[in-house]
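Peer 1: No sequence on hand, only this structure:
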């Protein structure tokens, strides 16, 4: 089980490789399950709904998000656990949090010694790279 955003995730996907802390205390609120391999890719990259959403990342997986409590991963043939975990923390997790009623911002943040730094921007503008730089210097990514 992993803990982030104040929630416990029971996950088949190894999230420790991307810095998510293990947490064996309490019950889980979100279950992440790796399903059978993806046979056909969807026609669209994503679909957003209140109860059912999905995000498809070519050559990685289809991430199906159900009612903010379940994320099903349908891996592509050349599935990589690390790439799937990195992808999971982006759009699929945002879909899940949105279904749970959270305000979702396209941003990253880091926390250390009662200081929180948040930075937002367009996709691929370096937010995650910047957050990783903070993490390498002892900050916690939030």
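Peer 2: Arrived safely. Computed from a predicted model, the values in this text were never measured in an experiment.
Peer 1: only C-alpha atoms for contact and neighbour calcs from this point on.
Peer 2: Noted.
Peer 1: Show residues contacting the helix or strand hosting residue 119.
Peer 2: Assigned by DSSP states H and E, residue 119 falls within strand 115-120. Contact with strand 115-120 is made by 105, 106, 107, 108, 109, 110, 111, 127, as judged by C-alpha atoms under 8 Å, 6 or more residues apart in numbering.
Peer 1: among those residues, which are in helices?
Peer 2: With DSSP state H as the criterion, helices contain residue 127 from among these.
Peer 1: Which ones among the contacts of strand 115-120 lie within strands?
Peer 2: Among those, the ones falling in strands (DSSP state E) are 107, 108, 109, 110, 111.
Peer 1: Excluding chain neighbours, what is closest to the last one?
Peer 2: Read that as residue 111. In space, and not counting its chain neighbours, residue 111 is closest to residue 140: 5.0 Å by C-alpha to C-alpha, 6 or more residues apart in numbering.
Peer 1: ok, now which ones touch that neighbour?
Peer 2: By C-alpha under 8 Å, 6+ apart, the contact list for residue 140 reads 110, 111, 112, 134.
Peer 1: I'd like these as a markdown table, with neighbour count, distance to residue 30 and pLDDT appended.
Peer 2: As requested, the contacts of residue 140 are exported to a markdown table (neighbours: other C-alpha atoms under 10 Å; distance: C-alpha to C-alpha, whole Å; pLDDT from 0 to 100):
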| residue | neighbour count | distance to residue 30 | pLDDT |
| --- | --- | --- | --- |
| 110 | 20 | 23 | 91 |
| 111 | 17 | 24 | 91 |
| 112 | 14 | 26 | 94 |
| 134 | 18 | 27 | 91 |
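Peer 1: Distance to residue 36 for these - can I get that in a markdown table?
Peer 2: Listed next are those as a markdown table, based on distance: C-alpha to C-alpha, whole Å:
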| residue | distance to residue 36 |
| --- | --- |
| 110 | 35 |
| 111 | 37 |
| 112 | 40 |
| 134 | 36 |
